[in-house]
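Colleague: structure for the following, please:
(one chain, ligands or ions: 1)
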Amino acid sequence: MGTPPIQSLQSRETAMPRVLIWDLPTRIFHWLLTIGFFVSAAISVTADEDSPLFSAHMIPGVVLGVMVVLRIVWGFVGTRHARFTSFLFSPVSLMRYAFGALNGSEPRSIGHNAGSSYAIFAMLGLVLATAVTGLMISNGNEAAEELHEIASYSLMAVVAVHIVGVMWYSLRHKENITLSMLTGCKEASADDAIPSSRPIVGIVFLLLICFLTVRLFQNYDRATGTTTFPGLGITIPPGESEGSEGGGGDDND
Ligand code: HEM
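Modeller: Residues are numbered from 1 along each chain as shown. Predicted coordinates for the structure are as follows:
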């Protein structure tokens, strides 16, 4: 699993079957992350900072943070192309990829390529940093405000680069890789295929995230701007409950 599976453009021209590359948990993670990112970004950019809607944008933020933690676990135990070992590229590979992308000589990738691998690590790290600093602000830590802004704007910039990169790659290789992120399949050799899409893990992950989102919204107290983490009973943000006379949804789970 050490060397990432890279296939040349030429070899794709010989007819290849469509085989399973992305497992279901990875695909569900990707599209929930995309929805959550756009929802949080839209609220934070458009809503008034004093509005209940603005303080409620911490909910998608918390959910995205939890999703990224689970994706990190999946990066160690998941299927071949979802594992971090399959997309750990050296800076030299990144440079080679970047020059290749510019002069049109970069090879086609079956899993993540060097460019997208770096963008993915950056996005995972920045989502976590945005979520943590957001919670710190809600907890009264003013010093975290600047960090939250830096993390969230950097995330928006990396996402923009990611989307442009996906479009550029799709045009260059005449391959709809966005569709592959939906169906899980790509034209590749049978050796590149993963044996299962791990549907049960995918469905459990989806249900867990839906449950978490619904409960965080149900437990949300507009007056105090707090919610309660289901199952654990932890008030989020933690410090906000002090002035609320226990009003942060304590009657909920
Ligand atoms: C509608 C816009 C988007 C499209 C079309 C898109 C498309 C894709 C595609 C095709 C891949 C696979 C890339 C590869 O072959 O290496 C991918 C991976 C990824 N994208 Fe996006 N993406 C979008 C939005 C986003 C957003 C908003 C985020 C983050 C907030 C994001 C984060 C990721 C991550 C983390 C991966 C790696 C998936 C994994 O292995 O878990 N994407 N995306």
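Colleague: tell me the helix or strand right after the helix or strand hosting residue 165.
Modeller: If you go by DSSP states H and E, residue 165 is part of helix 144-173. Next in sequence after helix 144-173, counting helices and strands by DSSP H and E, comes helix 177-183.
Colleague: so which bits of this protein are right by the ligand?
Modeller: Proximity of the chain to the ligand (C-beta under 6 Å from any ligand atom) is limited to residues 26, 29-30, 33-34, 37, 71, 82, 112-113, 116, 120, 123-124, 159, 162-163, 166, 177-178, 181. Using the backbone N, CA and C atoms, a C-beta is placed for each residue, glycine as well.
Colleague: residues in contact with the closest residue to residue 220 other than its chain neighbours?
Modeller: Leaving out its chain neighbours, the residue that sits closest to residue 220 by C-beta to C-beta, 6 or more residues apart in numbering is residue 227, at 4.4 Å. Counting by C-beta atoms under 8 Å, 6 or more residues apart in numbering, residue 227 touches 58-59, 62, 216-217, 219-221, 235-236, 248-249.
Colleague: one more time with 6 Å, if that's ok
Modeller: By C-beta atoms under 6 Å, 6 or more residues apart in numbering, the residues touching residue 227 are 216, 219-220, 236, 249.
Colleague: mind checking which of the residues of the chain next to the ligand are buried?
Modeller: Neighbour counting with 16 or more other C-beta atoms under 10 Å marks 26, 29-30, 33, 37, 71, 82, 112-113, 116, 120, 123-124, 159, 162, 166, 177, 181 as buried within the residues of the chain next to the ligand.
Colleague: so which of those residues sit within helices?
Modeller: 26, 29-30, 33, 37, 71, 116, 120, 123-124, 159, 162, 166, 177, 181 (DSSP state H).
Colleague: partner residues bridging the residue nearest to residue 220?
Modeller: When bridges are called by DSSP bridges, residue 227 pairs up with residue 236.
Colleague: nothing else from me, thank you.
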